[in-house]
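*Asks:* Have a look at this fold, sequence not included:
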Ligand code: ATP
C-alpha cells in the first residue's frame, strides 16, 4: 500500500474589501470572502469577471488597491509570494523542460534547502500517491498532458503548504481526463486536508468539486454558497442563469398566468427546465422544437411573449404541438427588477 502523507495543518483565508483597478476599469470591487480551512473553495464566473486577478492577489503576485488578505488572522497583504504559506498550480503547469520529473517535483524543496534525505523521503511518498513512481527520470516532454498535470500537482503537494491555489488547472486536458483529474484533485484535497482555492469558469467543475462556490460577475461577488444551496436558491438572476444546463427559464409572470397585482412590476419568475411538467390544466405553451438527448428530451416552447425550455423524460415520447404546463409550488423562484431574489 502507498504510504500516507502526514496531514497538513489547514489554514483559513479571509479577503476583506479587496479592490483592484487597471487604469480606469475595476477588475475587482470590494470583494469580501472567507475561505474556510481545509475546505475546497471554487472561484467561478465568466471570462473577465476577476477570478484570476483575485487568485494572483492571494498568491502575492499582485497587490490590491484597497482591502486586506488575512491568513489565519495574520495580515499577509504586503508579503512577497515566497513568504506566504501557499502552493500554486498554474494552467500552463510551468514545468521546467530540461529537468527530470523528480527534479521538477523537488525544485521548490531544493530552493528552500530542505536536506537531501528528507527530499528523497517526501518524493517517494508523493510520487507513490500520485502514481508517478515509474516516470521520475523522464523529461516533461516525454509525458502525456495528464501526467504533466500530475507532476505539477505533485510539486504543489510536496511543498506541504496548507493552502493550495489552482488557476484552471484542467483546461488543457481532454474531457475524459478532465473528469478523472477532477476526482483525483478532490480526493487529494480531502486526504491532505488542504485549503483549496480553485479558479474555473466551468460550472460542472465547480459543482462536482467544491465545498463552497464563490460566484463572481464583473469584479463583484454575486453569491457564496455550497453547490446544492447555489442550485436550489440562487440569490440573483445571474446565478440562476449561470448554474444549470440549460439555464433557469426567466419568464414574465403574466405569461405563466400568475396572479396580477401580487407581484411588483418587472418581477421575473424563474423555473428550472426539469421542474416543469406536462399538466391537464395550467398555462398553454406552443412547442417550437424538440432536442432528443437519450434519457431526456429538451422541449423549446413559447408561452405568451416568453420562451421556455422544459426537460422531460424521453420515454414520455414527443409532446403534442400545444401543451399545458405545471410546476411544484416550491419550484418557482422570484426576482425583483434589479435581479435580486425575492423571498417567497
Ligand atoms: P479568464 O477566465 O478569462 O481568465 P478572469 O475571470 O480570470 O477571466 P481576470 O483575468 O481576473 O478575469 O481579469 C479581470 C479584468 O481585469 C478583465 O477585464 C481583464 O481584462 C482585466 N485585467 C486583468 N489583468 C490586467 C492587467 N494586467 N492589465 C490590465 N487589465 C487587466
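*Replies:* In hand now; what should we look at? Everything numeric here is computed off the predicted structure, so don't read it as measured data.

*Asks:* make it CA atoms for all contacts and neighbour counts henceforth
*Replies:* OK.

*Asks:* tell me which element the residue most central in space within the chain is part of?
*Replies:* Against the mean C-alpha coordinate of the chain, by C-alpha atoms, centre = their mean, the closest residue is residue 206 at 2.9 Å. Using DSSP states H and E, residue 206 sits in helix 203-209.

*Asks:* Show the subsequent helix or strand relative to that helix.
*Replies:* strand 212-217.

*Asks:* name the helices or strands packed onto that next one?
*Replies:* Helices and strands touching strand 212-217, by 3 or more C-alpha pairs under 8 Å, 6 or more residues apart in numbering; DSSP states H and E, are strand 40-44, strand 220-225, helix 227-232.

*Asks:* rerun that using 7 Å as the cut-off
*Replies:* Packing contacts for strand 212-217, counted by 3 or more C-alpha pairs under 7 Å, 6 or more residues apart in numbering; DSSP states H and E, involve strand 40-44, strand 220-225.

*Asks:* Any idea how far it is from the middle of the chain?
*Replies:* 7 Å (C-alpha atoms, centre = their mean, to the nearest Å).

*Asks:* ok, now stretch 16-35?
*Replies:* Distance of stretch 16-35 from the chain centroid (C-alpha atoms, centre = their mean) equals 19 Å.

*Asks:* Could you pull out the buried residues of it?
*Replies:* 16-20, 27-33, 35 (16 or more other C-alpha atoms under 10 Å).

*Asks:* Turn those into TSV, including distance to residue 41.
*Replies:* TSV is the format used below for the buried residues of stretch 16-35 (distance: C-alpha to C-alpha, whole Å):
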residue	distance to residue 41
16	16
17	18
18	17
19	20
20	21
27	20
28	18
29	20
30	19
31	15
32	14
33	10
35	7
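
*Asks:* List the contacts of the closest residue to the ligand within the stretch 151-300 of the chain.
*Replies:* The stretch 151-300 of the chain approaches the ligand most closely through residue 201 (6.0 Å), counting by C-alpha to the nearest ligand atom. Residue 201 makes contact with 44-47, according to C-alpha atoms under 7 Å, 6 or more residues apart in numbering.

*Asks:* filter these down to the ones near the ligand?
*Replies:* By C-alpha under 6 Å from any ligand atom, the members of the contacts of residue 201 lying near the ligand are 46-47.

*Asks:* which of the contacts of residue 201 has the most neighbours?
*Replies:* Most neighbours among the contacts of residue 201, by other C-alpha atoms under 10 Å: residue 45, with 28 neighbours.

*Asks:* Could I get the contacting residues of that one?
*Replies:* 201, 215-217.

*Asks:* same check, this time on residue 243
*Replies:* Residue 243 is in contact with 203, 231, counting by C-alpha under 7 Å, 6+ apart.

*Asks:* phi, psi of it?
*Replies:* When read as degrees, to the nearest 10, the backbone of residue 243 gives phi -110, psi 130.

*Asks:* I'd like the distance between it and residue 204.
*Replies:* Residue 243 sits 9 Å away from residue 204, going by C-alpha to C-alpha, to the nearest Å.

*Asks:* tell me how far the helix holding residue 206 is from the chain's mean position?
*Replies:* In terms of C-alpha atoms, centre = their mean, the centre of helix 203-209 is set 5 Å apart from its chain centre.

*Asks:* Can you list the low-confidence ranges for the stretch 101-250 of the chain?
*Replies:* Nowhere does the stretch 101-250 of the chain drop to pLDDT under 70.

*Asks:* Around the ligand, pick out the residues from it.
*Replies:* So the stretch 101-250 of the chain meets the ligand at residue 201 (C-alpha under 6 Å from any ligand atom).

*Asks:* Going by residue numbers, what spans are strands in the stretch 101-250 of the chain?
*Replies:* Using DSSP state E, counting those that start in this stretch, the strands assigned to the stretch 101-250 of the chain run over residues 163-167, 195-200, 212-217, 220-225, 249-251.

*Asks:* Please work out which of these is packed deepest.
*Replies:* Sort the strands of the stretch 101-250 of the chain by mean neighbour count, taking mean count of other C-alpha atoms under 10 Å, and strand 195-200 sits at the top with a mean of 26.

*Asks:* contacts for it?
*Replies:* Under C-alpha under 7 Å, 6+ apart, the answer for strand 195-200 is 10-11, 37-44, 51-52, 162-168.

*Asks:* Report the strands that pair with that strand, each with its relative direction.
*Replies:* Using DSSP bridges, strand 195-200 pairs in its sheet with strand 40-44 (parallel), strand 163-167 (parallel).

*Asks:* quick check: angle from that strand to strand 212-217?
*Replies:* Between the axes of strand 195-200 and strand 212-217, defined by axes from the mean of the first three to the mean of the last three C-alpha atoms, to 10 degrees, the angle is 40 degrees.

*Asks:* rewinding a little: what's the closest of the helices and strands packed on strand 212-217 to residue 308?
*Replies:* Ranking these by proximity to residue 308 (C-alpha to C-alpha) places strand 220-225 first, at 24.5 Å.

*Asks:* All the helices of this protein, residue numbers only.
*Replies:* With helices called from DSSP state H, the chain shows them at 51-59, 101-111, 116-130, 145-158, 175-192, 203-209, 227-232, 237-242.

*Asks:* what's the closest of those to residue 332?
*Replies:* Each of the helices of the chain has some distance to residue 332 by C-alpha to C-alpha; the shortest is helix 227-232, at 10.4 Å.

*Asks:* Any chance you could list what contacts that closest one?
*Replies:* Contacts for helix 227-232 (C-alpha under 7 Å, 6+ apart): 207, 210, 212-213, 243.

*Asks:* This completes my enquiry, with thanks.
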